[in-house]
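**Q** From the sequence below, what's the structure:
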Amino acid sequence: MWNRTALAFALFVSSCAAQDQEPIREIIGTTSYSHFYSDYGFYERSIKYVTGHQPIPYGILALTSVMPKGGRLYYSASFNPAENLPSGWHPEHITIVIQPRAGALPEFQITNDRIEATAPPSVGSARVENTTPPGQPHLPSTIFLGKQSFAAPIPTLHFYRQTFPEKQPPAEIESDIGPYVERDGKIWFATTFYDGEGTSGIGAIGAFDIYSRRYEMQYLPAVVHWSASAILLDGNDLWIGLKQRPEGADRGRGLLRYNIQSSAAQTFPVPDVIFTLNFAGDALYCGTSHGLYMLRADQLIQLRFEPDVNGKLTMIPRPIAK
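**A** Numbers count the residues shown, from 1 in each chain. Model prediction:
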């Protein structure tokens, strides 16, 4: 399968050669890479260069959903976004099975078996809705408890000016409830907003108390610029994937750990968009738009899945400096 993939990408590379796209270049050890992006930041393809071998064209593997089972993590993965494929090119989907190992890199297995996406979070009798129709002025997200509805707060333009005095205020403020999780009568969430074309917002961590029917919002310096893409509550630590939603492709802006008791916040430099967050064994695993990130004892490692010189998909670890 992956040798056919390499051939298809080689044809794609030759067809794009006349476009004079300037790639993003990267060197890891003795291997160098060229990553190609279209206008507006949409990923297209990559080429891997290994000394003594022909260039290896391939697609960055995104891990977009996960199913935990029996101590393992089953990731649904796709190596190229379908909307950016050339004529005659078809995305291939695989499952990557991660078996955590204490104090070491995980074992992995690659299979063509499909997995079911993780079910949306359950919040008991509550329901969260983002109800703005396309092309209409922004409406607040709403939490429904039975027949009662509770609109989430939206920052005012005055608060925007106070928060970002150096920025031109947008024509419209957005603030939707993004990923969320429920525990002990509270719905914890982080907000999301479009940041372009006269629209912007202020990132926040929120909590809705199901008993008092009240919202509490925290506008922390670590989160005010960004939207959220994933969330996980582990003990007193709320883990949030941060991203920016500009005109064009989303951009990863890190992994935030927020302690709900002390309000202490720490950001880890995950540069890719985080889709999933799961603890397994002694580490936190983040499925992203470019492989898997493993966080253990505050040490971050990116685990890429890419072809070797024989066309076989393999796992490449890459430590991430703080």
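**Q** what's the domain layout of this structure?
**A** Split into domains by automatic domain parsing, the chain comes to 1-63+77-94+293-322, 126-289.
**Q** for the last one, how far is the first residue from the last?
**A** If I follow you right, that is domain 126-289. 30 Å (CA to CA, to the nearest Å).
**Q** what mean pLDDT does that domain have?
**A** Averaging pLDDT along domain 126-289 yields 93.
**Q** again with stretch 64-76
**A** On average, stretch 64-76 scores 92.
**Q** which residue sits closest to the most centrally placed residue in the chain, ignoring its sequence neighbours?
**A** Residue closest to the mean C-alpha point of the chain, counted by CA atoms, centre = their mean, is I274 at 2.0 Å. Closest residue in space to I274, ignoring its immediate chain neighbours: G241 at 2.9 Å, by CB to CB, 6 or more residues apart in numbering. Bear in mind the C-beta positions are built from the backbone N, C-alpha and C, glycine included.
**Q** these two touch, right, the one you found and L277?
**A** Yes: in this structure, G241 is within contact of L277 by CB atoms under 8 Å, at 6.5 Å.
**Q** The two: who's more crowded?
**A** Shown here are G241 and L277; by other CB atoms under 10 Å, G241 has more neighbours (30 against 23).
**Q** rewinding a little: my guess is the residue nearest to the centre of the chain meets W239, correct?
**A** No: using CB under 8 Å, I274 is not in contact with W239, being 9.2 Å away.
**Q** if I look at the two, which residues touch both of them?
**A** 230, 255 (CB atoms under 8 Å, 6 or more residues apart in numbering).
**Q** Give me the neighbour count for the spatially closest residue to I56 that is not a sequence neighbour.
**A** Closest residue to I56 apart from its sequence neighbours, by CB to CB, 6+ apart: K48 at 4.2 Å. Neighbourhood size, K48 [other CB under 10 Å]: 22.
**Q** Then D176?
**A** By other CB under 10 Å, the burial measure for D176, its neighbour count, is 23.
**Q** And for I56?
**A** I56, neighbours per other CB under 10 Å, totals 21.
**Q** Contact partners for it?
**A** 6, 47-50, 307, 309, 311.
**Q** what separates the residue nearest to P271 when sequence neighbours are not counted from R245, distance-wise?
**A** Closest residue to P271 apart from its sequence neighbours, by CB to CB, 6+ apart: G252 at 5.2 Å. According to CB to CB, to the nearest Å, G252 and R245 sit 11 Å apart.
**Q** and the least confident of the contacts of I56?
**A** Among these, A6 carries the weakest pLDDT, at 38.
**Q** host element of F159?
**A** In this assignment (DSSP states H and E), F159 forms part of helix 157-163.
**Q** So which bits of that helix are buried?
**A** Y160 (16 or more other CB atoms under 10 Å).
**Q** helices and strands around the next helix or strand after it, which ones?
**A** Counting by DSSP H and E, the next helix or strand C-terminal to helix 157-163 is strand 172-173. Judged by 3 or more CB pairs under 8 Å, 6 or more residues apart in numbering; DSSP states H and E, the packing partners of strand 172-173 are strand 199-200.
**Q** This structure: helices as residue ranges?
**A** In the chain, the segments counted as helices under DSSP state H are 2-16, 157-163.
**Q** about what we covered before: wait, which of the domains of the chain is closest to R101?
**A** domain 126-289 (6.9 Å; CB to CB).
**Q** just checking, V66 touches Y75?
**A** Yes: with contact defined as CB under 8 Å, V66 counts as touching Y75 (5.1 Å).
**Q** shared neighbours, the two?
**A** 276, 287.
**Q** Who are the contact partners of K48?
**A** Contacts of K48 by CB under 8 Å, 6+ apart are 31-33, 55-58, 306-307.
**Q** coming back round to it: could you pull up the residues touching the residue nearest to P271?
**A** Going by CB under 8 Å, 6+ apart, G252 touches 229, 241-243, 270-274, 288-289.
**Q** neighbour-wise, which of those residues leads?
**A** G241 (30 neighbours).
**Q** Now A62: closest residue in space that isn't a chain neighbour?
**A** A62 sits nearest to S289 (CB to CB, 6+ apart), 4.7 Å away.
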